[in-house]
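**Q** what shape does this take:
(chains A and B)
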Amino acid sequence: MNEWLDPLLLSRWQFGLTTVYHFLFVPLTIGLAFTVALFQTAWVRTDKAKYLQLTHFFGKIFLINFAMGVVTGIVQEFQFGMNWSDYSRFVGDVFGAPLAFEGIIAFFLEATFVGLWIFGWDKLPRGLHLATIWLTTAGSIASAYFILAANAFMQNPIAFRINEERGRAELTSIGELLTNPIALASFPHTIFACFMVSSGLIISVAAWHLLRKQNEDTMRPALKLGMWMMVVSGAITTFFGDSLSLAMTAAQPMKMAAAEAMYKTATGADASFSIFTLGTPDGVSELFSIRIPYLLSFLSTHTFTGTVEGIDNLQAQYVTLYGPGDYTPTIWITYWAFRWMIGLGIAHILVAVVGLWLTRNGRTPTAPWVWKIAIWSFPFSLLAMSVGWVFTEMGRQPWLVFGLLRTQDGVSPNVSGVEILISLIAFTLIYGALAVVEFKLILQAVRKGPAPLAEPDPVSGKIKPQVTVY
Amino acid sequence: MELNILWFWIIGALFIGYFVLDGFDFGVGMSLPFLGRDDLDRRVIINTIGPVWDLNETWLIVAGAALFAAFPEWYATLFSGFYLALLVILLALILRGVSFEYRHQRPEAAWKKRFDLMIVIGSAVPALLWGVAFANIVQGVQLDAGHNYTGSFFDLLNPYALLGGLTTLLLFFTHGVVFISLKTEGDIRQRAQKLAVKAGIVTIVVAATFLLWTTLAFGSLPTALFAAGAAVSLIVSFLANLRGSEGWAFTLMAATIALAVLALFASLFPDVMPASNDAANSLTIENASSTPYTLQVMSWTALFAMPVIFLYQGWTYWVLRQRVSRTTVSAAVETTVETAVH
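**A** Numbers count the residues shown, from 1 in each chain, chains lettered A, B, ... in the order given. From the prediction side, this is the model:
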């Protein structure tokens, strides 16, 4: 068969493409819902016009982005059955429940109240209308929990037994499934990373306007909030990133060895963390490297004398355990994705800390390059988020469900390469075209800046919010 | 009652929820070229579903996820088997969804026209294909011993299934037009009423034929009862519309869709996906479902969550009960434009 029409390869590309794409909108939805809720709360409590302007302004960006998150999300749910039917048959009894919870508990909440929020400005009392954006936020955060719990089963399968006769995994405890240690660590890690992305957006947008010395009354407070949010959520993301790496070392030592491209088992000082390495593409031999001794031992075990298992050793163990095969993920991807995630994350926190220092006590930096650096916060925070997911998903390979089901065994047996090629091309074209439109619309909204508000009501002295129509 | 039988009917109920709610969204989208004489008309039409299309579409996500959780084999066979059909539905839903949000972002007529077209296509295609898909499920498809679909995309386009597609297309169209008459004011409301009468006649003929075919070829007594109920409800809805009782006409259209889905599920029972080539390969409630434990967990969740969901979704529709008119839309558009110009 023509290797370009290999259903496995094409399905993997399609799932990767559509997931990475979907996950550009999701963090922004989660982060911005929360941020807009903060701005609106500030307006309701203080009645200051600038907060209402910020609510409308970032609310508009939130909505342009929201629709894309919704429509690309349906594709994700459908794909499990369309392209990975054997996977669905194998895990459905376990994996389906958190997906159903996500829909029933989280998505309904999010989708209902976002509609009320958009169209309810003139139909609901102020406090109740504020509640709708908080319920939208709650729905979006809850959805992240359930999908991460489902994903955690793939990373670290627990709470199941194998039914040999039916050839499937069956759920034994929903409580255990939902409290998978991987889920408990990856949930806060991901949510606060989402907040970093929305902080990144706010910093970028505010810096763009402040560089042009415009809209300072709204953009300065926005910048301050963005930077504080970046520092705080950055710290929390880092903290839970550490918990996650600890849990992941226990669940999938191979992934963490692959994150380090570490072939040989090492202990203590030898278990060093390499910041930068030049080597052959497969990572087997090293040409040049900057390393911090003990750091890997500490990250993996929280001690300075820990032993971190190497790829070679793990590969041999897995062959004994699961039979002959290659159990090593693609090293250059895991190694560099891991470094870009951490490096960009730290860079963002630093930019925000420096920014807070430069703008302390009403100061405003005059050098344009300061703002020009800050403008990059958003694209790079999104990139950090994206490579983080690429790392954790690619690092799980060749497994679909770690230790239970290989990726090659999960693909739909009856969907032809041609069909998948058609869908892959269709998704690529439509997603590509929509990305251009989406980007232009967001840029247009950003450039326009916060709209001025109507005159306050002469009787009550209160400002009336804008009413939205399609 | 066994839990998997309960879940068979819950899946049916979730699809009823989806078809009744997103059904009128599809109809509203399809009616744009018929009822939207100018841009303001089209804005009025779109704004009747503006706040709720997303929540209505969520019923599909929930129905899909519940199918995955309660009947993994059914979900796997159906979604992989109807691969290209579902792909087309997905692409249509993507285009429709973003168009609602993008359309009003720029004032140019050409820009709006492009998204209007995408709303029409994005509504008509799923309205047609959902009927095709469900008719094929009822009719049975070729399955191998591993429950994998062995037919092709074109096998799905057989006369019975196409009639099923036409039925859902027309049902949703009429449902949506009736919804517009219920949710708007003035001239457009009158025109929607008239269009609903015309569309109603065609819908009655096509839907009655499809339901009769279903009952005779694949049905049992419950199928016949539900199908007859659907037909009566559709005709009474038509009469209510003639008398100008929009509320009744809409409620009865919803009942028609619900009864028609029940007729299809009743004719499936106790299969979930019959194999047309060999009955031994059929997927049944028994061999497709999850374990009693998983179904039990799901049942408790549904039991506690669904009443709350009905409450807040019902409340949402109540908050948004006001009719949309040219005056309200143009006033809102003007304030937005005005403040933007300042």
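**Q** taking chain A, what residue is nearest to chain B?
**A** residue A:92 (2.2 Å; CB to the nearest CB). Every C-beta, even on glycine, is put in place using the N, C-alpha and C of the backbone.
**Q** and that residue, how far from residue A:354?
**A** 50 Å (CB to CB, to the nearest Å).
**Q** quick one, which of these two is more surrounded?
**A** More neighbours surround residue A:92 than the other of residue A:92 and residue A:354, with 32 against 15 (other CB atoms under 10 Å in any protein chain shown).
**Q** stretch A:153-163 spans what distance, first to last residue?
**A** Using CA to CA, to the nearest Å, the end-to-end distance of stretch A:153-163 comes out at 17 Å.
**Q** quick one: low-confidence ranges for chain B?
**A** B:1, B:334-342 (pLDDT under 70).
**Q** hey, where'd the helices end up in it?
**A** B:3-30, B:32-35, B:39-49, B:53-70, B:72-81, B:83-102, B:109-139, B:159-183, B:187-218, B:221-242, B:246-268, B:285-288, B:292-319, B:326-341 (DSSP state H).
**Q** could you do the stretch 351-470 of chain A as well?
**A** Shown for the stretch 351-470 of chain A, the helices assigned by DSSP state H, counting those that start in this stretch span residues A:368-375, A:377-394, A:417-448.
**Q** just to revisit the earlier point, of the helices of chain B, flag the one that's most buried.
**A** helix B:72-81 (a mean of 27; mean count of other CB atoms under 10 Å in any protein chain shown).
**Q** give me the distance from that one to the chain's centre.
**A** Relative to the centre of its chain, helix B:72-81 is centred 20 Å away, using CA atoms, centre = their mean, to the nearest Å.
**Q** would you list the helices of the stretch 351-470 of chain A in JSON lines and tack on distance to residue A:69 and mean pLDDT?
**A** JSON lines is the format used below for those (distance: least, CB to CB, whole Å; pLDDT from 0 to 100):
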{"stretch": "helix A:368-375", "distance to residue A:69": "24", "mean pLDDT": "90"}
{"stretch": "helix A:377-394", "distance to residue A:69": "13", "mean pLDDT": "94"}
{"stretch": "helix A:417-448", "distance to residue A:69": "11", "mean pLDDT": "95"}
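**Q** need the contact list for the closest residue to residue B:259 other than its chain neighbours.
**A** Nearest residue to residue B:259 in three dimensions, chain neighbours excluded: residue B:230, at 3.7 Å (CB to CB, 6 or more residues apart in numbering or on different chains). Counting by CB atoms under 8 Å, 6 or more residues apart in numbering or on different chains, residue B:230 touches B:207, B:211, B:255, B:256, B:257, B:259, B:260, B:262, B:263.
**Q** thought residue B:100 was touching residue B:50, still the case?
**A** Yes. Contact criterion CB atoms under 8 Å: residue B:50 and residue B:100 qualify, at 6.8 Å.
**Q** which residues do these two both contact?
**A** Shared contacts of residue B:50 and residue B:100, counting by CB under 8 Å, 6+ apart, come down to residue A:470.
**Q** picking up where we left off before, specify which member of the contacts of residue B:230 is nearest to residue A:107.
**A** Nearest to residue A:107 out of the contacts of residue B:230 is residue B:257 (CB to CB; 22.1 Å).
**Q** burial of residue A:425, as a residue count?
**A** 11.
**Q** residues touching it, list them.
**A** Counting by CB under 8 Å, 6+ apart, residue A:425 has no contacts.
**Q** kindly report the same for residue A:296.
**A** So residue A:296 contacts A:260, A:262, A:266, A:271, A:272, A:273, A:308 (CB under 8 Å, 6+ apart).
**Q** averaged pLDDT, the helix or strand where it lies. What do you get?
**A** Following DSSP states H and E, the helix or strand that holds residue A:296 is helix A:295-301. Helix A:295-301 shows a mean pLDDT of 82.
**Q** beyond that helix, next helix or strand please.
**A** Following helix A:295-301 toward the C-terminus (DSSP H and E): strand A:307-308.
**Q** list the buried ones in the helix or strand just after that following strand?
**A** Using DSSP H and E, the helix or strand that follows strand A:307-308 in sequence is helix A:311-322. Residues of helix A:311-322 classed as buried by neighbour count (16 or more other CB atoms under 10 Å in any protein chain shown): A:311, A:313, A:314, A:315, A:318.
**Q** and the contacts of residue B:230, which is closest to residue B:67?
**A** Distances from residue B:67 to those, taken by CB to CB, are shortest for residue B:262, at 16.9 Å.
**Q** was I right about the closest one contacting residue B:19?
**A** No. Between residue B:262 and residue B:19 there is no contact under CB under 8 Å: 11.2 Å.
**Q** pull the contacting residues for the residue nearest to residue A:156 when sequence neighbours are not counted.
**A** Distance criterion CB to CB, 6+ apart; nearest residue to residue A:156, sequence neighbours excluded, is residue A:251 at 3.8 Å. Counting by CB under 8 Å, 6+ apart, residue A:251 touches A:155, A:156, A:181, A:182, A:402.
**Q** switch these over to JSON lines; also include pLDDT, secondary structure and neighbour count.
**A** Output for the contacts of residue A:251, formatted as JSON lines (pLDDT from 0 to 100; DSSP: H, G, I helix; E, B strand; the rest coil; neighbours: other CB atoms under 10 Å in any protein chain shown):
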{"residue": "A:155", "pLDDT": "96", "secondary structure": "helix", "neighbour count": "25"}
{"residue": "A:156", "pLDDT": "96", "secondary structure": "coil", "neighbour count": "20"}
{"residue": "A:181", "pLDDT": "96", "secondary structure": "helix", "neighbour count": "18"}
{"residue": "A:182", "pLDDT": "96", "secondary structure": "helix", "neighbour count": "25"}
{"residue": "A:402", "pLDDT": "95", "secondary structure": "coil", "neighbour count": "19"}
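**Q** on that earlier part again, Serialize the buried residues of helix A:311-322 to CSV and add fields for distance to residue B:222 and pLDDT.
**A** Shown next, in CSV, are the buried residues of helix A:311-322 (distance: CB to CB, whole Å; pLDDT from 0 to 100):
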residue, distance to residue B:222, pLDDT
A:311, 60, 91
A:313, 63, 91
A:314, 58, 92
A:315, 58, 94
A:318, 54, 94
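**Q** between the residues you listed, which is nearest residue A:3?
**A** residue A:315 (25.3 Å).
**Q** list the contacts for residue B:160?
**A** Residue B:160 touches B:135, B:139, B:213, B:217, counting by CB under 8 Å, 6+ apart.
**Q** swap the cut-off to 10 Å and go again
**A** Residue B:160 makes contact with B:132, B:135, B:136, B:138, B:139, B:210, B:213, B:214, B:217, B:218 under the criterion CB atoms under 10 Å, 6 or more residues apart in numbering or on different chains.
**Q** name the nearest residue to the first one, sequence neighbours excluded.
**A** Okay, so that is residue B:132. Once flanking residues are discounted, residue B:132 sits nearest to residue B:165: 3.9 Å by CB to CB, 6+ apart.
**Q** need the longest helix for chain A.
**A** Chain A, longest helix under DSSP H: helix A:7-46.
**Q** for chain B, give the residue positioned nearest to chain A.
**A** Taking CB to the nearest CB, chain B has residue B:72 as its residue nearest chain A, at 2.2 Å.
**Q** test my guess that that residue contacts residue A:84.
**A** No. Applying CB atoms under 10 Å, one finds residue B:72 not in contact with residue A:84, separated by 11.6 Å.
**Q** now the common contact residues for these two.
**A** By CB under 10 Å, 6+ apart, the residues touching both residue B:72 and residue A:84 are A:90, A:91.
**Q** what's in contact with stretch A:426-442?
**A** Contacts of stretch A:426-442 (CB under 10 Å, 6+ apart): A:13-14, A:17-18, A:21-22, A:24-25, A:28, A:60-61, A:64-65, A:67-68, A:71-72, A:75, A:79, A:201, A:205, A:378, B:84, B:87-88, B:90-91, B:94-95, B:98, B:101-102, B:105-106, B:111, B:115.
**Q** how does it look with 6 Å?
**A** A:18, A:21, A:61, A:64, A:68, B:105 (CB atoms under 6 Å, 6 or more residues apart in numbering or on different chains).
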